[in-house]
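**Q** here are the coordinates; sequence isn't available:
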């Protein structure tokens, strides 16, 4: 479904992505791992259309996404949950969710999709008229994910959804992502929390310094020596053991 | 925009043109021609003075008329009371500069557009106050009118215009000017490398307002009667802004070109269509902001580059 | 005492129009960070629209709102499409600065055009009901001005309703808060900008009509009203249309109080002084987020 080839992107003199090539097939959960500043957010932003790559191609169902404005990328079925959630703080839960269906193909169905989102995150149904500012971090993340789901995407991308969340909430989010995937939505997950990401993903890519340096199935990456050393150090092992 | 050899050539050309203009009164011309050239010279001074802050310190000062007005106010008052004009004009310019420095410290806390609208408001406060305090028209005493010599004022305008051009040219290559360019490009980076931004901006403001104050003094010396609030009017600022931007902000020759074009067009069109020059310049200004920020100077450079390339290819 | 009360009431009445004028500017700036300093000229054009509809076709000025508002909405769309859409391509600081310059050029051109077409004379719309007053004790309230205040309030309320219930109203609010997040939810941000600019201009046109029927119009009211709008926006801050309206009332009353205390000629200064003080005391202005 999504095919990226030789993607290059940068900000001014800084080269954020060099020759990135990857693909995501329908129904997959793919993780993108890597250290801070590796370019993971840049890659997601390129796909979403917020950043213009300088070279390479991004093909979705065979169509080049590079030429499209961001809101049109959403129309095509690719939705991004940005880093830091970026909710509309002046609005309620329901208003935020509803706006997620703004893309015209999703707007007509929004009531039905809204009910499905509430079924997935029941706590949001209870607090639908609450201003999002009053919600906890975990609940806000649910709203962010729910808002992206309202666009009825075929590919859901998430930029660091576990950032700042307690482990219990991280697990809840991951569970929800699993359910979303089982309903037929492909997931592209950028995560620094490697054990969490790999526990969920079918496949993964490793991005370091703007380049893809590794690729493989979830289990293979978990077992990989480099991955273990760099991302599953003593700290990570401890939390992985606590699971 | 460094004062390259190119710009230096322009300065020489402009000063040479001024030299030629100095001969004009000797040919016994009509008064309205002298008045016309006077207006151009006054405009050049005002535009160059505005250019100092806009082009080199990078801030759009929409209250510039306040300093023009203050220079006129003080000069007029002192001169009518008997002070020699040179002293009166100096006092006028000094008043404008002191006022500028006082408000400058506060005003420069604002950046970009906020500085622009803040200075606009300040200018309007001054204009309204002066208009309320001195609503009566100011007319020269009969004796002074009897002894009025246009030629004298003409030469003063010439000297002032030349001084403003030389000041800006010197500024462009000086350490002061380079420091200003640094803060214009990126204020935070410049501060980090030791450039005292506020001090530089205040220096630019002082230079700018001193020149504007002198121009105001010239205005007071030249006009037989006018309302004291008139030189405080925002259109003096707007004129200077238009001339500078259209000619090429941040260059030495830009304001000169802009001033000449502006006054010529205004006088020419005023015969048939009053104020239509503003419609044209307003539209031209918008076009320049959108597509040719360097004004006519940039257009000329592009044309030269194209012609040069063609000549090389031929 | 009654003279003061009379002055304050009149100040309140014009304050409503200040609020309406500021609301349009605030909406546009809040949504797309464009500082359209030609806003006052758009008010002026709205005023002339009402004047000519009355003078040539005998349309009652209040009824002419039904024509002036759509006309202004259209004008706003055209101005956005032809001019300001190019400005929004830059990032925020450049955007503000460029829009200021472009607004400036536009204001000059529109002012010159108005003088050319309609002369610099002041125009007003004589109506049969112009002299009607409501007398409360020793205070008399001109009914026309009371009507303009009411209509201004209604228009602000309508705008508020549009922003909270209309699909594109919500899109506009979302864009104002975080345009990238808005894009990610599928909102065509450029269309949101267009709509916001049109709405803001529509409000300006309405304000112009109300100003003309209650007072008068001339080409020079442009700069005056741009400054009033700026003062109110700085006073009230961004975000709330009703807050802006109240800010307008505050300015109107402050002006009246100042005129009563220091004399008529100083009416204008109080607003400008407040403006400068607020701007300097809060260097990021109330515009900062």
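**A** Yep, it's here. Here the structure is a predicted model, which is why all the values come from computation and not from measurement.
**Q** Show me the helices in the chain, by range?
**A** I went with chain A, as the question did not name one. All helices of chain A, identified by DSSP state H, fall at A:40-48, A:70-75, A:93-100, A:104-107, A:110-120, A:122-126, A:137-149, A:167-182, A:194-200, A:218-223, A:225-231, A:234-242.
**Q** not what I meant, chain B
**A** B:5-23, B:31-51, B:65-80, B:85-107, B:112-133, B:142-146, B:150-173, B:175-185, B:187-192, B:197-222, B:234-247, B:253-272, B:276-291, B:295-313.
**Q** Any regions of chain C where pLDDT drops low?
**A** Residues of chain C meeting the criterion pLDDT under 70: C:283-289.
**Q** With adjacent residues omitted, what lies nearest to the residue of it found nearest chain A?
**A** Closest contact between chain C and chain A, by Cβ to the nearest Cβ, is at residue C:186 (3.2 Å). To be clear about C-beta, it is placed using only N, CA and C from the backbone, and glycine gets the same treatment. Setting aside the residues directly before and after it, residue C:186 is nearest to residue A:103 in space (Cβ to Cβ, 6 or more residues apart in numbering or on different chains), at 3.2 Å.
**Q** Get me the contact residues on chain A for chain C.
**A** A:48-50, A:69-71, A:74-75, A:79-80, A:82, A:86-91, A:95, A:98-104, A:106-107, A:147-148, A:150-151 (Cβ under 8 Å from any Cβ of the partner chain).
**Q** Show me which of the residues you listed are buried.
**A** A:48-50, A:70-71, A:74-75, A:79-80, A:82, A:86-88, A:90-91, A:95, A:98-103, A:106, A:147-148, A:150-151 (16 or more other Cβ atoms under 10 Å in any protein chain shown).
**Q** okay, the angle between the helix or strand where residue C:11 lies and helix B:112-133?
**A** Assessed by DSSP states H and E, residue C:11 sits inside helix C:2-32. Relative orientation of helix C:2-32 versus helix B:112-133 (axes from the mean of the first three to the mean of the last three Cα atoms, to 10 degrees): 160 degrees.
**Q** Helix C:2-32 close to chain B?
**A** No. Contact of helix C:2-32 with chain B (Cβ under 8 Å from any Cβ) is absent, the minimum separation being 9.9 Å.
**Q** from what I can see the residue of chain C closest to chain A touches residue A:71, true?
**A** Yes. Under the criterion of Cβ atoms under 8 Å, residue C:186 makes contact with residue A:71 at 5.0 Å.
**Q** Now the common contact residues for the two.
**A** A:102-103 (Cβ atoms under 8 Å, 6 or more residues apart in numbering or on different chains).
**Q** circling back: so how far is residue C:228 from the residue nearest to residue C:186?
**A** Residue A:103 sits 40 Å away from residue C:228, going by Cβ to Cβ, to the nearest Å.
**Q** cool, residue A:200 as well?
**A** 58 Å.
**Q** Neighbour count: the two, which is higher?
**A** Neighbour count, other Cβ atoms under 10 Å in any protein chain shown: between residue A:200 and residue C:228, residue C:228 has more, with 31 against 20.
**Q** Minimum distance to residue A:60: which of the helices of chain B has it?
**A** helix B:276-291 (34.6 Å; Cβ to Cβ).
**Q** Just want the angle from the closest one to helix B:253-272.
**A** Using the same axes, to 10 degrees: helix B:276-291 against helix B:253-272 is 140 degrees.
**Q** what about helix B:276-291 and chain C, any contact?
**A** Yes. Using Cβ under 8 Å from any Cβ, helix B:276-291 reaches chain C at B:276-279, B:281-286, B:289-290.
**Q** which of those residues are close to chain A?
**A** Within the residues of helix B:276-291 next to chain C, nothing lies near chain A by Cβ under 8 Å from any Cβ.
**Q** any residues touching stretch B:28-47, and which ones?
**A** Stretch B:28-47 has contacts (Cβ under 8 Å, 6+ apart) with B:21, B:24-25, B:64, B:68, B:150-151, B:153-154, B:157-158, B:160-161, B:163-165, B:211-212, B:214-215, B:218-219, B:222, B:236, B:239-240, B:243-244, B:247, B:255-256, B:258-260, B:262-264, B:267.
**Q** An error on my part: the question was meant for stretch B:50-61.
**A** For stretch B:50-61, contacts defined as Cβ under 8 Å, 6+ apart pick out B:1, B:64, B:108, B:112-113, B:115-116, B:119, B:167-168, B:171-172, B:177, B:180-181, B:183-184, B:200-201, B:204-205, B:207-208, B:211-212, B:237, B:240-241, B:244, B:249-251, B:254-255, C:97, C:100-101.
**Q** Which members of those residues are classed as buried?
**A** B:1, B:64, B:108, B:112-113, B:115-116, B:119, B:167-168, B:171-172, B:177, B:180-181, B:183-184, B:200-201, B:204-205, B:207-208, B:211-212, B:237, B:240-241, B:244, B:249-251, B:254-255, C:97, C:100-101.
**Q** For residue B:177, which residues are in contact?
**A** B:56, B:170-171.
**Q** Distance of the residue positioned nearest the centre of chain A relative to residue A:29?
**A** For chain A, the residue nearest the mean C-alpha position is residue A:158 (1.3 Å; Cα atoms, centre = their mean). According to Cβ to Cβ, residue A:158 stands 10 Å off from residue A:29.
**Q** Give the residues shared as contacts by these two.
**A** In contact with both residue A:158 and residue A:29: A:177, A:187, A:189, using Cβ under 8 Å, 6+ apart.
**Q** looking at these, which has the most residues close by?
**A** Result: residue A:189 is most packed of the shared contacts of residue A:158 and residue A:29 (other Cβ under 10 Å), 27 neighbours.
**Q** from memory residue C:188 sits against residue A:71, does it?
**A** Yes. The pair residue C:188 / residue A:71 is scored as a contact, 4.8 Å apart, by Cβ under 8 Å.
**Q** which ones are touching the residue lying closest to residue A:133 once chain neighbours are set aside?
**A** The shortest distance from residue A:133 to any non-neighbouring residue, by Cβ to Cβ, 6+ apart, is to residue A:89 (5.0 Å). When contacts are counted by Cβ under 8 Å, 6+ apart, residue A:89 touches A:131-133, C:177.
**Q** for residue B:77, same thing?
**A** Taking Cβ under 8 Å, 6+ apart, one finds nothing in contact with residue B:77.
**Q** likewise the one 10 residues further on?
**A** With Cβ under 8 Å, 6+ apart as the criterion, the residues that contact residue B:87 are residue B:78.
**Q** Please repeat the previous calculation with a cut-off of 10 Å.
**A** Taking Cβ atoms under 10 Å, 6 or more residues apart in numbering or on different chains, we find residue B:87 in contact with B:75, B:78-79.
**Q** which residue sits closest to residue C:46, ignoring its sequence neighbours?
**A** Counting by Cβ to Cβ, 6+ apart, the residue nearest residue C:46 is residue C:208, at 2.7 Å.
**Q** Does the one you found belong to a helix, a strand or coil?
**A** helix (DSSP: H, G, I helix; E, B strand; the rest coil).
**Q** how close does it get to residue C:223?
**A** For residue C:208, the distance to residue C:223 equals 14 Å [Cβ to Cβ].
**Q** what touches both of these two?
**A** By Cβ under 10 Å, 6+ apart, the residues touching both residue C:208 and residue C:223 are C:40-41, C:44.
**Q** The nearest residue to residue B:125 once chain neighbours are set aside - how many residues pack around it?
**A** Excluding the flanking residues, the one nearest residue B:125 by Cβ to Cβ, 6+ apart is residue C:272, at 4.7 Å. Around residue C:272 there are 23 other residues, counting by other Cβ under 10 Å.
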